[in-house]
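Engineer: how would this look folded up:
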Amino acid sequence: MSWWKQALLALVLLLAAAAIWYSFFPGARQLAADWGLTQTPAVAAVPPGERGGGATQGSRRMAGGLASPVVTAPVTSATINDRLSAIGTGKSRHSVSVRPYTSGRLTEILVGPGMEIKAGEVIARMDAEAERIAVDRAELALDDARARLERINALRSSNTVTVVQQTEAELAVRNADLQLREARLALERREIVAPISGTVGILPVSPGDYVTSADQVATIDDRSEILIDFWVPERFARLLQVGAAITAQSVARPDETYRGTVAAIDNKVDPESRTLHVQAGIANPAATLRSGMAFRVIMQFPGESFPAVDPLSVQWSTEGAYVWVVRNGAAIRTPVRIVQRNTESVLVDGAFADGDQVVVEGVHAVREGQEIPVAGGDSSRRGT
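Structural biologist: Presented below is the predicted three-dimensional model:
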């Protein structure tokens, strides 16, 4: 194919693409008029009964404003970031997994599942005969060391023994005392005691079991207060503070509401989820709440207010989003920044005044500074 045929084909394709863009692309007619490629389109044709004036009548209609009225809606105000709702998981204020210090065979278990115990109470006992023998042997050694020291002290007055012998005897007494303390500690550790006050969970062991320091004997939960771990979007980070009030609802029992406060805030935002770890505490005096339960946490904030406009009023150009504001009967093109899109409205950031109306129907025929006839205000909007 010769070059002029290729050029002609490219020109035809270009004109076809331009026609499709002009006919179907939103705002194309406005852009073409702004670029001076076309004339400002008339909204409605002149009825046959009014054609007597010819071009003069049509020009007068174009200069005086739109041929048909537009529909407007008021600019309202909406608040965002004023409420936080998150799902969190509860846990006991303190939870301990109890393990023995040493290995041995359990001879007695003194608690059962669901029992309330105090810190220091004995949970279970292990066989301790060897430790008792060690205590008796250490007591005998201490008695012997003390008796030897008394004899040396008595002989020291007559210079029968040296100062070195007296010092060695005193050191032997101290070593024997330490050995006795060590033996008693080993005997005490044959009893497994509760490190905190709380409720005993299901026991995984029975009397007669051989356990080591790695084996769990019991779990104890202090459920006087439930801590709820939840994560919030990073946009709320600057609004959070320790002591802030929260409302929690049990997912399993949504009719029950609990009041609490923020107990702790993490010092960094998770870079993967872009969320911040927060911990809140709620009282549990009746012990009806348990660790692992799911809660819906709700927090209230002052929030940020933005103008809200009808979604149909937002138009787009090469410079970005804008709306047509009707002020003093004339159209004003007002650039806006989209903040948030909702079902019934769009929150924007722009220069608005009290009582402003925005065009929601007939926007493609509106021009800057043009007088706009309004039909029924927002009451006629989409048949409402």
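Engineer: Now do residue 162: how many residues are near it, please.
Structural biologist: 12 (other Cβ atoms under 10 Å). Heads up, the C-betas are built off the backbone N, CA and C, glycines and all.
Engineer: For residue 149, see how far away it is.
Structural biologist: 14 Å (Cβ to Cβ, to the nearest Å).
Engineer: try residue 78
Structural biologist: Residue 78 sits 89 Å away from residue 149 when distances are taken as Cβ to Cβ.
Engineer: What mean pLDDT does stretch 323-332 get?
Structural biologist: Averaging pLDDT along stretch 323-332 gives 86.
Engineer: meant to ask about stretch 185-201, not that
Structural biologist: 95.
Engineer: My read is that residue 87 contacts residue 294, right?
Structural biologist: Yes - Residue 87 lies in contact with residue 294 (Cβ atoms under 8 Å); the separation is 6.2 Å.
Engineer: Name the residues contacting each of those two.
Structural biologist: Common contacts of residue 87 and residue 294 (Cβ atoms under 8 Å, 6 or more residues apart in numbering): residue 251.
Engineer: Please identify the helix or strand for the closest residue to residue 141 other than its chain neighbours.
Structural biologist: Once flanking residues are discounted, residue 141 sits nearest to residue 176: 4.7 Å by Cβ to Cβ, 6 or more residues apart in numbering. Using DSSP states H and E, residue 176 sits within helix 163-188.
Engineer: List the residues that contact the most centrally placed residue in the chain.
Structural biologist: By Cα atoms, centre = their mean, the chain has its centre lying nearest to residue 232, at 1.3 Å. Residue 232 makes contact with 84, 86, 240, 275-276, 278, according to Cβ under 8 Å, 6+ apart.
Engineer: With distance to residue 114 and pLDDT added, can I get those in JSON lines?
Structural biologist: Output for these, formatted as JSON lines (distance: Cβ to Cβ, whole Å; pLDDT from 0 to 100):
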{"residue": "84", "distance to residue 114": "36", "pLDDT": "88"}
{"residue": "86", "distance to residue 114": "31", "pLDDT": "93"}
{"residue": "240", "distance to residue 114": "37", "pLDDT": "91"}
{"residue": "275", "distance to residue 114": "36", "pLDDT": "94"}
{"residue": "276", "distance to residue 114": "36", "pLDDT": "95"}
{"residue": "278", "distance to residue 114": "31", "pLDDT": "96"}
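Engineer: These in helices, which ones?
Structural biologist: Applying DSSP state H to those, no entry is found in helices.
Engineer: Give me the phi and psi angles of the residue lying closest to residue 71 once chain neighbours are set aside.
Structural biologist: Nearest residue to residue 71, sequence neighbours excluded (Cβ to Cβ, 6+ apart): residue 361, at 3.8 Å. Here is the backbone geometry of residue 361 (degrees, to the nearest 10): phi -130, psi 130.
Engineer: Next, work out how far apart residue 361 and residue 85 are.
Structural biologist: For residue 361 relative to residue 85 (Cβ to Cβ), the value is 36 Å.
Engineer: what angle do the longest helix along the chain and helix 163-188 make?
Structural biologist: Ranked by number of residues, the top helix in the chain under DSSP H is helix 129-156. Put simply, helix 129-156 runs at 160 degrees to helix 163-188, going by axes from the mean of the first three to the mean of the last three Cα atoms, to 10 degrees.
Engineer: which strands and helices sit next to helix 129-156?
Structural biologist: If you count contacts as 3 or more Cβ pairs under 8 Å, 6 or more residues apart in numbering; DSSP states H and E, helix 129-156 packs onto helix 163-188.
Engineer: chain center to the following helix or strand past the helix it packs on, what's the gap?
Structural biologist: Using DSSP H and E, the next helix or strand after helix 163-188 towards the C-terminus is strand 191-193. Distance, stretch centre to chain centre, for strand 191-193: 41 Å (Cα atoms, centre = their mean, to the nearest Å).
Engineer: Kindly report the same for stretch 201-218.
Structural biologist: Relative to the centre of its chain, stretch 201-218 is centred 38 Å away, using Cα atoms, centre = their mean.
Engineer: Name the residues of that stretch that are buried.
Structural biologist: 201, 203, 205, 211, 217-218 (16 or more other Cβ atoms under 10 Å).
Engineer: Which of those residues fall in helices?
Structural biologist: Within the buried residues of stretch 201-218, no residue falls in helices by DSSP H.
Engineer: Rebuild those as TSV, extending it with distance to residue 126.
Structural biologist: Listed next are the buried residues of stretch 201-218 as TSV, based on distance: Cβ to Cβ, whole Å:
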residue	distance to residue 126
201	20
203	15
205	11
211	8
217	10
218	14
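Engineer: Check the residues you listed and tell me the two furthest apart.
Structural biologist: Between any two of these, the greatest separation by Cβ to Cβ is 16.4 Å, found for 201 and 211.
Engineer: before we move on, back to that, ranking by neighbours, what's the top pick from the contacts of residue 232?
Structural biologist: Highest neighbour count within the contacts of residue 232: residue 278, with 26 neighbours (other Cβ under 10 Å).
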